[in-house]
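*Asks:* predicted coordinates and the sequence they were generated for:
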Amino acid sequence: MLQTNRSPFVFLAICLTVTCWTAAIAQNNRSAVSVTGSDMATCTVPDPCRTFDTAISKTNSGGEIVVLSSGGYGPFTVTNSVAIISPEGIHAALAPTTGAAVTINGAGIDVILKNLWINSLGATDGIKVLNADQVHVENCTIARFSNGINSVPGVDWLSVLDSFVRMNNIGINLSSGTGRTSRVTVDRTRLENNNEGIYVNPGSSGVVDSMIRESVINSGGNGIHVAGSQTSHTNVESCAFVHNANGALIGGGDATRVIRVSQSYIANNYYGVYSQGGDDLRSFGNNRLTGNLSDGNFTSTIALR
C-alpha cells in the first residue's frame, strides 16, 4: 500500500523535473526584443524579452535577434555567434553612461549588428571587440564615444558597411592581438567630426590589413592615421578627404607600414598626405590632391595595370 500511495507523487516529481530541465535548456533560433517585453518571457516573436542580454542567453549560437519596437535597449555583451537586427523603420537605441554600448568577446564567434543607433552619454566605447572571428557592422550610427568602434586586441575579420561614425575621439580604432592578423573593410561609410577618423596601430607582432572604399572622411583632426612599429597595409579606394584639421593621410614613420591610394579626392585639409619619416605612401597616379594648406607628396607611384 505504501508503494502504491507513493507512486503518483514519484511520477509527478519526475514529470516536473523533466519539464523544468527541458525549459531550462530550450533555446530559440530566432528571438525577439521589445520595449513592452519582459525578461521573464521566452524571447520568441510572440513573447519578446526586454533586453538584448536576456535574448542572447536564450538564442542558439548562429541564431538571430529581431527588434520589434522603437526605444532604448541598454548596453549588452555578446559571447556567442548571433545576428542582432533592427528592421527599417524601427529606432533601436543604445545610450550607455559608462563602459561600452556593445562588448563582443568570444573566441571564434561571428556577430552581425544591423541598424542600431549607438550614442554615448558618458560611455567610452561604442562597439568594443575584445575577441571574435568575424564582426559585421551594417547601417549603424555610432556617436560621441572615445572610440566609436574599438577593435582591441582584435578580430580576424571586421566589416563596416553603410554606417555613420561621427563626433568620436577615434572613429574606428584598429589594432590586433599578439601575432594576430586583422582584416578590415570599410565601405560606403561616413566618418565625420572625429578627432581621428581611422587609427591603425597593430599590436606586438600583429598585422592590420584594411580596405577603405567609397567613404567620406571629413571635418576631423586626422583622416586616416597609421602609427606604431608593426606591419600594416592600408588600401584606400574612391574616398573623399576634406576639411580635416591636421591631415587626410598620415604615416607614422616606419617602412613596415604601407598606405596605397587610388581614385580619391584629397582637398581643403591642413595636410593632404604626410609621412612622419619612412612610411610608404603610394599613389596609383589617379588621385586629386589639391587645395590643402600643404598638399604634401606621395612617396611612390604604382603603375596602373
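*Replies:* Right, received. Where do you want to start? Numbers count the residues shown, from 1 in each chain.
*Asks:* please make it C-alpha for all contacts and neighbour counts, starting now.
*Replies:* OK.
*Asks:* any stretches of the stretch 1-150 of the chain with poor pLDDT?
*Replies:* Screening the stretch 1-150 of the chain residue by residue with the criterion pLDDT under 70, one finds the ranges 1-26.
*Asks:* show me where it has helices.
*Replies:* With DSSP state H, counting those that start in this stretch, the ranges of helices along the stretch 1-150 of the chain come out as 2-25, 52-57.
*Asks:* list the contacts of the residue nearest to Asn297 when sequence neighbours are not counted.
*Replies:* The spatially closest residue to Asn297, leaving aside those adjacent along the chain, is Val273, at 6.2 Å (C-alpha to C-alpha, 6 or more residues apart in numbering). Contact partners of Val273, counting by C-alpha atoms under 8 Å, 6 or more residues apart in numbering, are Gly247, Ala248, Leu249, Ile250, Leu281, Asp295, Gly296, Asn297, Phe298.
*Asks:* what's the single longest strand in this structure?
*Replies:* Using DSSP state E, we find that the single longest strand of the chain is strand 59-67.
*Asks:* not counting it itself, show me its contacts.
*Replies:* 27-34, 55-56, 80-87, 90, 92, 110.
*Asks:* just the buried residues from those, in PyMOL please.
*Replies:* Selecting the buried subset of these in PyMOL, with 16 or more other C-alpha atoms under 10 Å as the burial test, is done by:
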select buried, resi 27+28+30+31+32+33+34+55+56+80+81+82+83+84+85+86+92+110
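*Asks:* go through the contacts of strand 59-67 and flag which are in strands.
*Replies:* Under the assignment DSSP E, the contacts of strand 59-67 contribute Asn28, Asn29, Arg30, Ser31, Ala32, Val33, Val82, Ala83, Ile84, Ile85, Ala92, Asp110 to strands.
*Asks:* roughly how far does the second one sit from Leu121?
*Replies:* Between Asn29 and Leu121 the distance, using C-alpha to C-alpha, to the nearest Å, works out to 33 Å.
*Asks:* same check, this time on the third one
*Replies:* Shown here: Arg30 relative to Leu121, a distance of 31 Å by C-alpha to C-alpha.
*Asks:* likewise for the first one?
*Replies:* With distances taken as C-alpha to C-alpha, Asn28 is found 32 Å from Leu121.
*Asks:* show me what contacts Leu68?
*Replies:* The neighbours of Leu68, taking C-alpha under 8 Å, 6+ apart as the test, are Ala32, Val33, Ser34, Ser86, Ile90.
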